[in-house]
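*Asks:* pasting the sequence and the predicted model now:
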Amino acid sequence: MVKRRYYIPKKQTGGQNSRAYFLTSIIFLFTALIVFRLFNLQILEHSFYAALASGQHKITEKLFPIRGKIFAYNSFKEKSYNDLASELYPLAANQELFLAYAVPKQIKNPQEMATKLAKILGLPQGELLGKFSKKDDPYEPIKHKVTREEMGEMDKLNLEGIGFVREDFRYYPEGNMASHILGFVGCDEGGCSGRYGLEGYFDKELSGKQGSLILERDAIGRWIAVGGKTIKEKEDGVDIILTIDRNIQFVAFQKLKETVEKHGAEGGTIIIMNPKTGAIIAMASYPDFDPNEYSRVRDVRVFNNPAVFDQYEPGSIFKIITMAAAIDAGKVTPQTTYNDEKGYVKVDKYVINNSNFQAHGMITMTQVLEKSINTGAIFAVDLVGIDLFREYVKKFGFGTLTGIELSSEVLGDIDQLNKKSDVYLFPASFGQGISVTPIQMITAVAAIANKGKLMKPYIVDTIVKADGERVRTHPKEVRKVISSRTATLLTGMMTSVIQNGYGKRAGVPGYYVAGKTGTAEISDPDRPVYSEKTIHSFVGFAPAGNPRFVMLIKLDAPQGVRFADASAAPLFGDLAHFMLNYYQIPPEKGD
């Protein structure tokens, strides 16, 4: 009998278990990688791949908004935008021009094409021939800023291989006249944007918002008419209507340029304001620039608006502020007398002289303004004291921004008044040792013309949004600086300056005009002393009893004339005469 043998399997060894674990790990790892990849594609990088897929079967076009225009009033009539739409004049607009380009491989006869286009576009024939001869070049720009007339001439010739793309360029119809107010639109590799002035300050609002159009396309890139489409509407920029009167701006611009050139001055500024509202009627500075040709400017400093950017020592026009503080604080009256025995004042080791180095004897505070006597201003400020005087100076708005809607406004500098010493207080009483901006100075004097109420200056009258909504700027009173009584007394003193003092050349026959001259020394940039250069200024308002305007004139380093009564004052009188006639204000008195 044969015995059966049974096969009894051996137990699995450790090596076999390791292989099984390894295979399981590999499968798990690949599964994890697949899950991670799916997570990365569908979650983390969803936007990228969605856009990539969209780009393969969709057409996306950018919809560019139209930049808003900037207008000035072409009439002095004080009406709303609704009533004056026909009396607005564009200072900044958009000009429709074209880029002409060539597709060289489509041009059969480059020589003939170059000959024809050279005459129309005013370009060298050789330059055009070089571009048209690049047979492997699918695109070659020919000329920017091609006019519609030039494009029409080219179209008549049925030129194959020539195309056009519309380009909107910023255009300033008045050229230099309001360049510092407007600024310009500049372009570089990053695109175009507003720079300086209103173009810079309101760039976002003027630019509007870009839109887009997304269309379905087929496999070879053609638009599918029945496919889906998505439109994000563009939003055109706002239009801005300024408080500027174009006619007054033009005259102020021309008269300033003539005066600067006549006296060989390094520059000058004029600001004209409505003292009751703070609205800027005109603002001009020289030297200026043409915003249509901004790239030709070699010294970029000319782009800054001196009316808000330049800070300077104001000189004797600041005596108005000193007298306002002294009268309002009850320290003096217009009739208060002071004995100017020596014609100078000593403080520590320093000697402060009158501008003419003469003593004037017994004088009133009104005569201090009439004859612009430094020692008289020192007498008044000494009674006020540095702490109270500093508070009045701050209340008038010096040392802070006015908030006008123009870029690059600066603070000025009144830090010397924080030093409790007569060495700093006394010169400040006649406008030396502290610095202000023209916009601060005229705003402060406007408060005197406005019965002591300081108004916030503004240059934007109305903003017209793309949907037609109009946002009007309303005059804003900042604070009451001095009492109405003080303002009235000071107005009388300033009127006496025109009738009896150094401001006679600023007067206008038949009218009461209030004002004050100022001649300030300019500090030496290399040494802690004053140079021989001076700044001449005049500030005033008319008619004195019911002011329609306040005006500040500043001339930088005029030559051949010593004091402002012979330079800035006559310019003020000339412009004031024009404005009183322009506003049709009847004479108040017979001269």
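*Replies:* Happy to help now that I have it. Numbering: from 1, shown residues only.

*Asks:* so how far is residue 124 from the residue lying closest to residue 75 once chain neighbours are set aside?
*Replies:* Setting aside the residues directly before and after it, residue 75 is nearest to residue 87 in space (CB to CB, 6 or more residues apart in numbering), at 4.5 Å. To be clear about C-beta, it is placed using only N, CA and C from the backbone, and glycine gets the same treatment. In this view, residue 87 and residue 124 are 46 Å apart by CB to CB, to the nearest Å.

*Asks:* same check on residue 582?
*Replies:* Distance, residue 582 to residue 124, by CB to CB: 50 Å.

*Asks:* more neighbours: the two, which one.
*Replies:* Higher neighbour count among residue 582 and residue 124: residue 582, with 15 against 11, using other CB atoms under 10 Å.

*Asks:* mind checking how far that one is from residue 111?
*Replies:* As for residue 582, its distance to residue 111 is 61 Å (criterion: CB to CB).

*Asks:* kindly report the same for residue 199.
*Replies:* Relative to residue 111, and taking CB to CB, residue 199 is found at 44 Å.

*Asks:* so for these two, which sits in the more crowded spot?
*Replies:* Between residue 199 and residue 111, residue 199 has the larger neighbour count (other CB under 10 Å), namely 26 against 13.

*Asks:* what's the average pLDDT for the helix or strand that contains that one?
*Replies:* Taking DSSP states H and E as the definition, one finds residue 199 inside helix 197-201. Here helix 197-201 scores 95 as its mean pLDDT.

*Asks:* that one packs against which elements?
*Replies:* helix 179-182, strand 184-188 (3 or more CB pairs under 8 Å, 6 or more residues apart in numbering; DSSP states H and E).

*Asks:* please enumerate residues in contact with the helix or strand just after the last one?
*Replies:* Which is strand 184-188. Downstream of strand 184-188, the next assigned helix or strand under DSSP H and E is strand 191-195. Residues outside strand 191-195 that contact it (CB atoms under 8 Å, 6 or more residues apart in numbering) are 170, 183, 184, 185, 186, 200, 201, 202, 203, 206, 207, 303.

*Asks:* let's go with 6 Å and repeat that
*Replies:* For strand 191-195, the surrounding residues in contact (CB atoms under 6 Å, 6 or more residues apart in numbering) are 183, 185, 186, 200, 203.

*Asks:* show me the two of those that sit farthest apart.
*Replies:* The largest distance within the contacts of strand 191-195, taken as CB to CB, falls between 186 and 203 and amounts to 10.4 Å.

*Asks:* and the strands in the stretch 101-250 of the chain, which stretches?
*Replies:* 140-146, 162-171, 184-188, 191-195, 211-216, 229-232, 239-245 (DSSP state E, counting those that start in this stretch).

*Asks:* most packed of those strands?
*Replies:* strand 239-245 (a mean of 25; mean count of other CB atoms under 10 Å).

*Asks:* export that strand to PDB, keeping only CA atoms.
*Replies:* Output of strand 239-245 as PDB, limited to C-alpha atoms (Å, rounded to 0.1, in the frame of the first residue of the first chain):
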ATOM      1  CA  ASP A 239     -15.600 116.300 -16.800                       C
ATOM      2  CA  ILE A 240     -14.300 119.100 -14.600                       C
ATOM      3  CA  ILE A 241     -15.500 122.700 -14.800                       C
ATOM      4  CA  LEU A 242     -13.200 125.200 -13.100                       C
ATOM      5  CA  THR A 243     -13.900 128.400 -11.300                       C
ATOM      6  CA  ILE A 244     -11.400 130.000 -13.700                       C
ATOM      7  CA  ASP A 245     -12.700 132.800 -15.900                       C
END
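
*Asks:* who touches that strand?
*Replies:* 68-73, 76, 81, 279-281, 459-464.

*Asks:* for PyMOL, what selects the buried ones among those?
*Replies:* In PyMOL, this line selects whichever of the contacts of strand 239-245 come out buried by 16 or more other CB atoms under 10 Å:
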select buried, resi 68+69+70+71+72+73+81+279+280+281+459+460+461+462+463+464
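
*Asks:* just the contacts of strand 191-195 now: which is nearest residue 268?
*Replies:* Of all the contacts of strand 191-195, residue 268 sits closest to residue 183, with 19.5 Å by CB to CB.

*Asks:* the closest one and residue 291, how far apart?
*Replies:* Going from residue 183 to residue 291 by CB to CB gives 7 Å.

*Asks:* ok, now which ones touch the residue nearest the centre of the chain?
*Replies:* Residue closest to the mean C-alpha point of the chain, counted by CA atoms, centre = their mean, is residue 197 at 2.0 Å. Contacts for residue 197 (CB under 6 Å, 6+ apart) come out as 181, 182, 183.

*Asks:* adding neighbour count, pLDDT and distance to residue 241, write these out as a markdown table.
*Replies:* Putting the contacts of residue 197 into a markdown table (neighbours: other CB atoms under 10 Å; pLDDT from 0 to 100; distance: CB to CB, whole Å) gives the following:
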| residue | neighbour count | pLDDT | distance to residue 241 |
| --- | --- | --- | --- |
| 181 | 27 | 97 | 13 |
| 182 | 25 | 96 | 13 |
| 183 | 28 | 95 | 17 |
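
*Asks:* quick one: which of those is nearest residue 438?
*Replies:* residue 181 (13.3 Å).

*Asks:* how deep is the nearest residue to residue 536 once chain neighbours are set aside tucked in, by neighbour count?
*Replies:* Nearest-residue entry for residue 536: residue 564, 3.7 Å, with adjacent residues in sequence omitted and distances by CB to CB, 6+ apart. Residue 564 has 33 neighbours, counted by other CB under 10 Å.

*Asks:* which stretches of the stretch 151-300 of the chain have low pLDDT?
*Replies:* 212-231 (pLDDT under 70).

*Asks:* my read is residue 275 is in a helix, agree?
*Replies:* No: secondary structure assignment (DSSP: H, G, I helix; E, B strand; the rest coil) places residue 275 in coil, not in a helix.
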